[in-house]
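# Quick one: sequence plus predicted model below, questions after.
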Amino acid sequence: QEYRLKARQILAEAGAGEGYCLLLGIGDGGLLRAILAESELNVVAVERNAEMVESMRREMDEAGVYGRRISILPGNIASLQLPPYFASVIIAEDVETSGFDEEPKVFAERVYHSLRPYGGLAWLGVGAERRQVPPGTPYGAVAERISSFNLPGSRITDQGEAVVVRRAGALPGSGDWIGQ
């Protein structure tokens with residue numbers, strides 16, 4: 001029930017009930033199951049743990065949704081070449097285990113690369129111990145670190161338990177086209 005509430009809150013903030021969700025890390029699978037139950041989103045999950053990948057693939061196949069509404073890829077966001085602008089919402093339940101600490105700039109740029117324009121939202125969960133690290137230290141203030149990467153058109157807010165990155169407006173360099 002806790003996961004379903006969290007999924008509803010994130011999806012409501014993102015305004016995403018359909019399209020694609022990129023889930024960075026499966027964890028215990030609770031949030032993944034909740035996203036599938038609470039939305040019509042197609043989910044691409046990325047997970048480092050090969051055993052979890054296989055286990056969750058079997059579970060989703062038995063439920064009849066693997067390959068229809070969900071795909072699970074082994075690896076992390078830095079190791080994969082994901083398409084640009086495909087995700088309406090990107091969720092990392094825990095930014096630390098999702099790869100942020102290893103290469104923060106690469107992580108932020110890859111997340112932003114996959115986020116759709118005109119309101120795509122990334123919800124990046126930050127653990128309680130991480131929130132206590134002071135800004136300005138190498139691993140402190142996730143929102144401050146992401147802001148320092150100057151992602152064009154981004155709006156970054158720190159909501160305590162998560163950092164939210166929104167891709168606002170059109171892509172840089174695109175023009176208005178009215179048609180003839």
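All right, it came through fine.
# Pairing partners for C21 in the sheet, please.
V43, V89 (DSSP bridges).
# Tell me the helix or strand right after the helix or strand of the chain with the lowest mean pLDDT.
Ranking every helix and strand in the chain by mean pLDDT, DSSP states H and E puts helix 128-131 at the bottom, with a mean of 60. From helix 128-131 onward toward the C-terminus, using DSSP states H and E, the following helix or strand is helix 142-147.
# Check which residues of that next one are buried.
Residues of helix 142-147 classed as buried by neighbour count (16 or more other Cβ atoms under 10 Å): 142-143, 145-147. C-beta here means a position set from N, CA and C on the backbone, and glycine is covered the same way.
# Reformat these as CSV; add distance to G160 and pLDDT.
Formatted as CSV, those follow (distance: Cβ to Cβ, whole Å; pLDDT from 0 to 100):
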residue, distance to G160, pLDDT
V142, 11, 85
A143, 10, 85
R145, 16, 86
I146, 15, 91
S147, 16, 89
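# can I get those in TSV with distance to P74?
Formatted as TSV, these follow (distance: Cβ to Cβ, whole Å):
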residue	distance to P74
V142	25
A143	29
R145	27
I146	25
S147	31
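# residues near P152, how many?
As a burial measure, P152 scores 11 neighbours (other Cβ atoms under 10 Å).
# same deal with the one 5 residues further on?
T157 is flanked by 11 other residues according to other Cβ under 10 Å.
# cool, R116 as well?
Applying other Cβ under 10 Å, I find that R116 has 19 neighbouring residues.
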